[in-house]
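[1] Predicted coordinates and the sequence they were generated for:
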Amino acid sequence: MAKTYSIPTYFILIIFLINLISSLLLTWADVLPYQLQTLTIATRLRVDLDATAKASRDFGKLVQQTPAAVLYPSSIEDILSLVKFSYNQPSPFTIAARGRGHSLGGQAMAPNGVVVDMTSLKNSGAGIGIKVTKNHVSGSYADVGGHQLWIDVLQATLEHGLAPVSWTDYLYLTVGGTLSNAGVSGQTFRHGPQISNVHEMDVITGKGELVTCSKATNSDLFHAVLGGFGQFGIITRARIPLEPAPKRVKWVRMLYDDFSTFSQDQEHLISINGLDYLEGSLITKQSPPNNWRSSFFSKSQYPRISSLLTKNGIIYSIEVVKYYDDLTSHTVGEELQELFKGLRFLPGLVFTKDVTLVDFLDRVHSGELHLQAKGLWDVPHPWLNLFVPKSRISDFNSGVFRDIILKTNQTVGPLLVYPMIRNKWDNGMSAAIPDEDIFYSIGLLHSSGADDWEPLENQNKEILQFCDKAGIKIKQYLPRYTTKEDWMNHFGPKWKIFEDRKAQFDPKMILSPGQRIFNSI
Ligand code: FAD
C-alpha cells in the first residue's frame, strides 16, 4: 500500500525542496552565468559540497579555495565548450584543469570558478587513451591523454617493449600536471626533464580553441605550455617519444661524510657516459635512510649507517642506476665497476640491489601505501623545491643543510640534492632554471601533523631569505609565489615573453588562477 503523508509533512518536504533548488540556483547565479545551465555539459557540472570540497584541497594541504562548480568531462568537447563559453562572457569565470591535485599550494584550484576534473576522462573511457606507434626508422612514440597517469603510460608502453626515458620519482601524477612544471628525476641529467621529451601536443587555449602544436607547428604555443603552469592551455594529448625498455636495473647507493666529495663525485658521474639515473640525498636523524621515497636499505645495513650518523650528524648518499637486459646481464657488473673508478665514497659503504624496471620506476608507491595505512600520507606537506647553481652549492650546504636544517632539527622527510645539466633543457620553453651549465635540484619534502606545519613553512622562508641575502640565485621549482613581483623575478628576462604569450593564448586570464601569476586570489 502506498504511504500517505500528513499535510504538515508535505509542507516540510516542499519547503525543503524549495530551499534545495534555491540554494543551487544561488550558487550558479552568484558567480557563474545562469546560461551555463543551458549547455549540454550542465549535467556534468556539479556544485554540491562533495564535489567542490574535494576540488578545494590538494596534496600540500596548506591552502583551501572553493570553486563554484566542478566539471567532470566525458569528452574533450566538454572542456572545449566550457572554456569557449567562459571566453565569450562579458565577465569570464576562471577555469583550472586538475590532474591528481598533487600540487602543494592551490595551483590546481579555481576559487569561485570551475575546476575541470581531468581524471574523469579516464573514468568515462573518453578522451585520448594511450596509443603506441612503433616505428624503427623515425622512432616510436605514444599519444597520451593529458589526464593519463605516468604509471599507466609505463604499463601500456611496456606491453610493446618500449618506455619513455624521462620520469618523475612518483608515477601517480598526470601527464598534463608534470608537463605544466617540468617533470624531473634522476634521468634528467641524461635525457632532460619530461618537457624536453615531448614531440607534439593538443591544447585547448584560453580562447577555447583546440590547437595542435610542436616545435615546427604553432611553436610559440608548444614552448609556452611546456613548463607553463597551466597558463596557456589545457593539454589534452601529448606525443611522448619511446625507447626500447630495459628489463632490469642495478640500483646502487654509496655513502659520504663530506659534502664536497659527494657533490664532486655526483658531477663527475653525470659528466661521463654510462649511467641511466643519478640522484642524491641527505641522511639525518629526521630524514632516515629509508623513507616513503625509497626503502632501499636492509635491516642488517642499518646499524653501520646509524653509527656513522651519530658521528657525523649528516651523511650524504649518491643513488645511481644502470639498466640492463638479457644481452648485457653478464657485463653490467663490470661496467659499473669501471664507472665507479676513482669515486671517493666511504670504504665499504656501497650497497647494490637488483630489481625489475617497474619495481625501480614505481619505487615510491609502496612508500605511499605504507604511509596511507598509517594515516600519514594525507597530511600537510610544506615542501620546498629549488634549483641551485653549482657555483653556490657548497654555500647552500653550509648555510642551509648544516646551519638551518641541522640546527633547528625540525625537518621531517626526504632531503634530495642532485645535479642537472642546463643544455638538456630548452630555454625557449616556459620553465625557468638557473643561468649556469650545471645546477642542483633540491627537494625538502617535509610532512607535518595537521596543525604544526607552520614552523616548517617558517623554516622554508628562512632558507629563501638566506639565499637572497647570500646572493645565491636560486629558482623555485613547483613555486608557490603569491605576488606578481615574485613571478617577475622568477622569470627574469623571460617574463616579457611569458606575459606576451599569456596575452596571445589566454587574453582573458581564464586558466589556472591558482598559480597566482595573473590572478590575485
Ligand atoms: P595538478 O596538481 O592537478 O595540477 C598542477 C598544475 O597543472 C595546475 O596549475 C593545473 O591547473 C595544471 N594542469 C593539470 N593538468 C593539466 C593539463 N592537462 N593541461 C594543462 N595544465 C594542467 N615533480 C617532479 O618534477 N619530479 C618528481 O619526482 C615529483 N615527485 C612528486 C612526488 C609526490 C608524492 C608529489 C605529491 C608530487 C611530486 N612532484 C614531482 C610534483 C608534481 O610533478 C607536480 O605537483 C604536478 O603538478 C602534479 O601533477 P598533478 O597531475 O597532480 O597536477
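    Arrived safely, thanks for sending.

[2] tell me, what residue is most central in the chain?
    residue 178 (4.6 Å; Cα atoms, centre = their mean).

[3] dump the residue contacts of the residue in the stretch 1-150 of the chain that the ligand sits nearest to.
    Ranking the residues of the stretch 1-150 of the chain by distance to the ligand (Cβ to the nearest ligand atom) places residue 99 first, at 2.3 Å. C-betas here are computed from N, CA, C, even on glycine. The contact partners of residue 99, taken as Cβ atoms under 8 Å, 6 or more residues apart in numbering, are 108, 118, 119, 146, 147, 173, 174, 175, 176, 177.

[4] Could you rerun that using 7 Å?
    Shown in contact with residue 99 (Cβ atoms under 7 Å, 6 or more residues apart in numbering): 108, 118, 147, 173, 174, 176, 177.

[5] I'd like the mean pLDDT over the longest strand along the chain, please.
    Assignment by DSSP state E gives strand 233-244 as the longest strand of the chain. Across strand 233-244, pLDDT averages out at 98.

[6] Tell me which residues of that strand come out buried.
    Applying a neighbour-count criterion of 16 or more other Cβ atoms under 10 Å, one finds 233, 234, 235, 236, 237, 238, 239, 240, 241, 242 buried in strand 233-244.

[7] swap in stretch 118-134?
    For stretch 118-134, by 16+ other Cβ under 10 Å, it's 118, 119, 120, 121, 122, 126, 127, 128, 130, 132.

[8] Take those residues and keep only those in strands.
    130, 132.

[9] can you list the buried residues of stretch 118-134 in JSON lines and add distance to residue 257 and pLDDT?
    Formatted as JSON lines, these follow (distance: Cβ to Cβ, whole Å; pLDDT from 0 to 100):
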{"residue": "118", "distance to residue 257": "46", "pLDDT": "97"}
{"residue": "119", "distance to residue 257": "45", "pLDDT": "95"}
{"residue": "120", "distance to residue 257": "50", "pLDDT": "95"}
{"residue": "121", "distance to residue 257": "50", "pLDDT": "94"}
{"residue": "122", "distance to residue 257": "47", "pLDDT": "86"}
{"residue": "126", "distance to residue 257": "55", "pLDDT": "69"}
{"residue": "127", "distance to residue 257": "51", "pLDDT": "66"}
{"residue": "128", "distance to residue 257": "50", "pLDDT": "79"}
{"residue": "130", "distance to residue 257": "45", "pLDDT": "96"}
{"residue": "132", "distance to residue 257": "46", "pLDDT": "97"}
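
[10] shaky segments in this structure?
    By pLDDT under 70, the weakly predicted segments of the chain are 1-9, 11-12, 15-30, 125-127, 411, 521.

[11] Apply 50 and report the result again.
    Per-residue confidence for the chain (pLDDT under 50) gives these ranges: 1-2.

[12] how about the residues of this protein near the ligand?
    Residues of the chain lying close to the ligand by Cβ under 6 Å from any ligand atom are 58-59, 96-103, 107-108, 118, 146, 168-170, 173-174, 176-178, 180-185, 229-230, 234-235, 478, 512, 514-515.

[13] Now for residue 90, how many residues are close by?
    By the measure other Cβ atoms under 10 Å, the count of residues near residue 90 is 5.

[14] name the element it belongs to?
    Using DSSP states H and E, residue 90 sits within no helix or strand.

[15] same check, this time on residue 278
    Under DSSP H and E, the secondary-structure element containing residue 278 is strand 277-283.

[16] Which neighbouring elements make contact with that strand?
    Judged by 3 or more Cβ pairs under 7 Å, 6 or more residues apart in numbering; DSSP states H and E, strand 277-283 is in contact with helix 259-271, strand 315-324, strand 415-421.

[17] Which other helices and strands does the helix or strand immediately after it in the chain contact?
    Scanning forward in sequence from strand 277-283 by DSSP H and E, the next helix or strand is helix 302-312. With contacts taken as 3+ Cβ pairs under 7 Å, 6+ apart, helix 302-312 sits against strand 315-324.

[18] name the helices or strands packed onto the strand it packs on?
    Packing partners of strand 315-324 (3+ Cβ pairs under 7 Å, 6+ apart): strand 248-256, helix 259-271, strand 277-283, helix 302-312, helix 332-340.

[19] make it 10 Å
    strand 248-256, helix 259-271, strand 277-283, helix 302-312, helix 332-340, strand 350-356, helix 357-361, strand 415-421 (3 or more Cβ pairs under 10 Å, 6 or more residues apart in numbering; DSSP states H and E).

[20] any chance of those in CSV, with mean neighbour count too?
    Output for those, formatted as CSV (neighbours: other Cβ atoms under 10 Å):
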stretch, mean neighbour count
strand 248-256, 22
helix 259-271, 18
strand 277-283, 24
helix 302-312, 14
helix 332-340, 14
strand 350-356, 15
helix 357-361, 20
strand 415-421, 23
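
[21] what's the closest of those to residue 398?
    Closest approach to residue 398 among the helices and strands packed on strand 315-324 (Cβ to Cβ): helix 259-271, 8.1 Å.

[22] The closest one to strand 315-324, inter-axis angle?
    Note on geometry: by axes from the mean of the first three to the mean of the last three Cα atoms, to 10 degrees, helix 259-271 and strand 315-324 are set 20 degrees apart in direction.

[23] Off-centre distance for helix 259-271?
    Centroid separation for helix 259-271 versus its chain: 26 Å, with Cα atoms, centre = their mean, to the nearest Å.

[24] Would you mind pulling up the elements that it packs against?
    Helix 259-271 makes packing contacts with helix 188-191, strand 248-256, strand 277-283, strand 315-324, helix 332-340, helix 393-396, strand 415-421, strand 438-444 when contacts are defined by 3+ Cβ pairs under 10 Å, 6+ apart.

[25] what's the spacing between the last one and its chain's center?
    The chain centroid and the centroid of strand 438-444 are separated by 15 Å, computed with Cα atoms, centre = their mean.

[26] What strands line up against that strand, and which way round?
    When pairs are called by DSSP bridges, strand 438-444 turns out to pair with strand 384-389 (antiparallel), strand 415-421 (antiparallel).

[27] can you tell which of these is closest to residue 519?
    The nearest among the strands paired with strand 438-444, by Cβ to Cβ, is strand 384-389 at 22.4 Å.
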